[in-house]
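>>> No sequence on hand, only this structure:
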């Protein structure tokens, strides 16, 4: 009886031929829709990577003896660069190999700490040049030459905000000159250089149009942000040193790299696509690069912050796809073991600055009092680099947008939703940092001085 019932039930449930046809049609339509979606996305990415207008010159991969000059013309032309140590000199002349509208010329065999004036030509006609077109090569590595960095955070929204931040910075440096030195040395971003989708036109409007007067004189070092990663333009627009062209250890990729400038070793990390596993290639390179450097100062720049309670929350695992957790748990132990001095990030559209911190790799509720080594704002570290002597963590993400948050992360000494940027001055054994708002006012400042020898061996508890 049971057998007959089972047979009948099986007969009832057995799909007829038209059921197979319906299922096949559904699967076909789903596959077709997926294909159309993927193709549409690819078309959008391709179209977003195109910009056909003029792009003013900007400097890349600056080192002690080389620089890359990039620009774009409205049509394909044969380009040439001439430069010398005086305005009209043409001690060096380099011709492009073919006609193009996207120009990229590397100049080598330069002298360190030297100002060069350059001229750009299109089909033998001068395109740009004169007394305003110059750059200065990097000082000799490990020298005590003074360094001034301008850090802009998440700058890629065109408009009054970023323009006011730029102008306020220029006003402040004009009021605070360095005798015998240029106004700046390098410009660094903490990522998200083009909103919202990282297209070429967004890079033009939000970054190049806003900063072209500065980019023609000062090398720009960008961090790769999550909005940059939405498009195909970032790595097409920037020439970054994957073979240690500007110092440090060769990474073999433009996704992450290091730079030596005077006494500073700067590391630029990719927190979008790397550091997702403990055996990540970037982490392996990072360990080797940190071990190899002998520079007095080590600074790290990346997009996702290990600590924030601004427009993002580093305690929330789902926030930003767990990337802030990855930074805190996989990257920070390597940095602090190597004696890193300062870590600067963006992503949260705010300004937040920590105490001198060490060995805090969990959520904020698990912060141990021993992780706060000094409250500052005048921090002291030993002159000899050693593990776990503490680092200052700064979120600089409010150069084009400032958003209020809870601002109650316990490692932070300062948290504010203020438009602004950061100026960092390094002279010998002292680093001084200032957050300058869009009214040219200093709303936070701190310094790190390296003095004395500390033989105490610190370990995370």
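In hand now; what should we look at? Please read all numbers here as calculations on a predicted model, not as lab measurements.
>>> From here on, just use CA atoms for contacts and neighbour counts.
OK.
>>> do you know how far residue 348 is from residue 396?
8 Å (CA to CA, to the nearest Å).
>>> for residue 164, same thing?
16 Å.
>>> So those two - more neighbours on which side?
More neighbours surround residue 396 than the other of residue 164 and residue 396, with 31 against 19 (other CA atoms under 10 Å).
>>> Pretty sure the more buried one sits against residue 345.
Yes. Using CA atoms under 8 Å, residue 396 is in contact with residue 345, at 5.9 Å.
>>> shared neighbours, those two?
By CA atoms under 8 Å, 6 or more residues apart in numbering, residue 396 and residue 345 have these common neighbours: 153, 190.
>>> Find me the pLDDT at the residue nearest the centre of the chain, would you?
Closest residue to the average C-alpha location of the chain: residue 223 at 1.5 Å, with CA atoms, centre = their mean. Residue 223 is assigned 97 on the pLDDT scale.
>>> ok, it - contacts?
188-192, 268-270, 301-303.
>>> Can you give me the distance of it to residue 345?
Counting by CA to CA, the gap from residue 223 to residue 345 is 9 Å.
>>> Quickly list what's touching both of those two.
190, 301-303.
>>> Which one of those sits in the busiest neighbourhood?
residue 303 (32 neighbours).
>>> My guess is that one contacts residue 222. True?
No. Between residue 303 and residue 222 there is no contact under CA under 8 Å: 10.0 Å.
>>> Overlap in contacts, the two.
By CA under 8 Å, 6+ apart, residue 303 and residue 222 have these common neighbours: 190-191.
>>> Can you tell me how far residue 415 is from residue 435?
Computed as CA to CA, the residue 415 to residue 435 distance reads 11 Å.
>>> To clarify, my last question referred to residue 391.
Distance from residue 391 to residue 435, by CA to CA: 17 Å.
>>> These two: who's more crowded?
residue 391 (28 against 25).
>>> Please report phi then psi for that one.
phi -140, psi 150 (degrees, to the nearest 10).
>>> Contacts only, for residue 128.
Contacts of residue 128 (CA under 8 Å, 6+ apart): 119-121.
>>> Ramachandran coordinates for residue 334?
Torsion angles, degrees, to the nearest 10, at residue 334: phi -70, psi -40.
>>> ignore the last one, residue 327
phi -60, psi -50.
>>> For it, which non-adjacent residue is spatially closest?
Leaving aside its sequence neighbours, residue 327 sits nearest to residue 306 (CA to CA, 6 or more residues apart in numbering; 5.7 Å).
>>> how far away is that neighbour from residue 387?
According to CA to CA, residue 306 stands 19 Å off from residue 387.
>>> more neighbours, these two?
With neighbours defined as other CA under 10 Å, residue 306 and residue 387 compare such that residue 306 has more, 26 against 19.
>>> Please report how far that one lies from residue 140.
Taking CA to CA, one finds residue 306 at 33 Å from residue 140.
>>> could you pull out the strands for the stretch 301-450 of the chain?
Under the criterion DSSP state E, counting those that start in this stretch, the stretch 301-450 of the chain contains strands at 342-345, 351-357, 372-374, 378-381, 391-396, 412-416, 420-427, 430-437, 442-450.
>>> export those strands to JSON lines and tack on distance to residue 98?
Formatted as JSON lines, those follow (distance: least, CA to CA, whole Å):
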{"stretch": "strand 342-345", "distance to residue 98": "39"}
{"stretch": "strand 351-357", "distance to residue 98": "46"}
{"stretch": "strand 372-374", "distance to residue 98": "57"}
{"stretch": "strand 378-381", "distance to residue 98": "53"}
{"stretch": "strand 391-396", "distance to residue 98": "41"}
{"stretch": "strand 412-416", "distance to residue 98": "50"}
{"stretch": "strand 420-427", "distance to residue 98": "40"}
{"stretch": "strand 430-437", "distance to residue 98": "44"}
{"stretch": "strand 442-450", "distance to residue 98": "48"}
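>>> where in the stretch 351-461 of the chain is pLDDT low?
455, 461 (pLDDT under 70).
>>> Try it again at 50.
Within the stretch 351-461 of the chain, not a single segment meets pLDDT under 50.
>>> likewise the stretch 51-200 of the chain?
Ranges of the stretch 51-200 of the chain meeting pLDDT under 50: none found.
>>> could you pull out the strands for it?
55-60, 67-77, 79-84, 92-95, 100-107, 115-122, 125-128, 134-136, 147-152, 186-189.
>>> Now do the same for residue 22: helix, strand or coil?
Under DSSP: H, G, I helix; E, B strand; the rest coil, the three-state class of residue 22 is helix.
>>> ok, it - how many residues close by?
11.
>>> need the contact list for the closest residue to residue 310 other than its chain neighbours.
Excluding its sequence neighbours, the residue lying closest to residue 310 (CA to CA, 6+ apart) is residue 405, at 4.0 Å. Listed by CA under 8 Å, 6+ apart, the contact set of residue 405 reads 309-312, 417.
>>> just curious, which of those is nearest to residue 460?
Residue 460 lies nearest to residue 309 out of those, by CA to CA, at 24.1 Å.
>>> quick one: that closest one and residue 256, what's the gap?
Applying CA to CA to residue 309 and residue 256 gives a distance of 26 Å.
>>> hang on, the earlier thing: for the residue nearest to the centre of the chain, phi and psi?
According to degrees, to the nearest 10, residue 223 has phi -90, psi 150.
>>> So what does the closest residue to it other than its chain neighbours look like in phi/psi?
Closest residue to residue 223 apart from its sequence neighbours, by CA to CA, 6+ apart: residue 191 at 4.4 Å. Backbone geometry at residue 191, expressed as degrees, to the nearest 10, gives phi 100, psi 180.
>>> I figured residue 191 hits residue 301, correct?
No. Taking CA under 8 Å as the definition, residue 191 is not a contact partner of residue 301, at 9.2 Å.
>>> dump the residue contacts of the residue nearest to residue 85 when sequence neighbours are not counted.
Nearest residue to residue 85 in three dimensions, chain neighbours excluded: residue 116, at 4.6 Å (CA to CA, 6+ apart). In this structure, residue 116 makes contact with 83-86, 134-136, judged by CA under 8 Å, 6+ apart.
>>> mind listing the helices for the chain?
Here the chain has its helices, by DSSP state H, at 2-13, 17-48, 160-175, 200-203, 209-215, 234-237, 281-292, 323-326, 332-337.
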